[in-house]
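*Asks:* Show me how the following folds:
(one chain, ligands or ions: 2)
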Amino acid sequence: MTDLQKEKIRSLRMQGVSYLKIGGILGVPDNTVRSFCRQCGLGEEAKNTCCCKQCGKLIKIIPKRKPKIFCSDECRAEWWNTHPENVQRKAVYHFTCAYCGKPFTAYGNKGRKYCCHQCYIADRFGSDRHE
Ligand SMILES: [Zn+2]
Ligand SMILES: [Zn+2]
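*Replies:* Ligands and ions are numbered 1, 2, ... in the order given. Sure thing, here's the model as predicted:
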């Protein structure tokens, strides 16, 4: 098996995917998947654990409770610190103002054309309508 396949097995196993399914996905015999998982401590006992998203440490999943993503508050804080882009729930769109040509960004709004209301008014009604 290649390192990539091993890596895939690890991550699929962490999601609780069965040996058979992993074998099917990667084109590896499920017996091979099984023995690899056993070697790496990813056997049956790994079913009720998941990996800390930050440090990779195994976390026990408590049945009927929401699985944890981080092993500790420190890891959670650290992860958010290193992934500030994920803090923004809404997508950021980049535009060029159709009136003044200034680049601007908008959150969660794909339909923006103008950087500000003034530009919208000016373009729509003409800036020289009072003259
Ligand atoms: Zn951790
Ligand atoms: Zn503008």
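
*Asks:* The residue nearest in space to the middle of the chain - nearest residue in space that isn't next to it in sequence?
*Replies:* Geometric centre of the chain, nearest residue: residue 86, 7.6 Å, by C-alpha atoms, centre = their mean. Leaving aside its chain neighbours, residue 86 sits nearest to residue 80 (7.4 Å; criterion: C-beta to C-beta, 6 or more residues apart in numbering). For glycine as for every other residue, the C-beta is placed from the backbone atoms N, C-alpha and C.

*Asks:* is it true that the one you found lies in a strand?
*Replies:* No - looking at residue 80 with DSSP: H, G, I helix; E, B strand; the rest coil, it is helix, so not inside a strand.

*Asks:* wait, it sits on residue 70?
*Replies:* No - taking contacts as C-beta atoms under 8 Å, residue 80 lies outside contact range of residue 70: 9.5 Å.

*Asks:* what secondary structure does residue 101 sit in?
*Replies:* Under three-state DSSP, residue 101 comes out as coil.

*Asks:* What about it, how many residues nearby?
*Replies:* Counted with other C-beta atoms under 10 Å, the neighbours of residue 101 add up to 9.

*Asks:* Which secondary structure element of the chain has the lowest mean pLDDT?
*Replies:* Every helix and strand in the chain was compared by mean pLDDT, DSSP states H and E; the lowest is strand 49-51, with a mean of 76.
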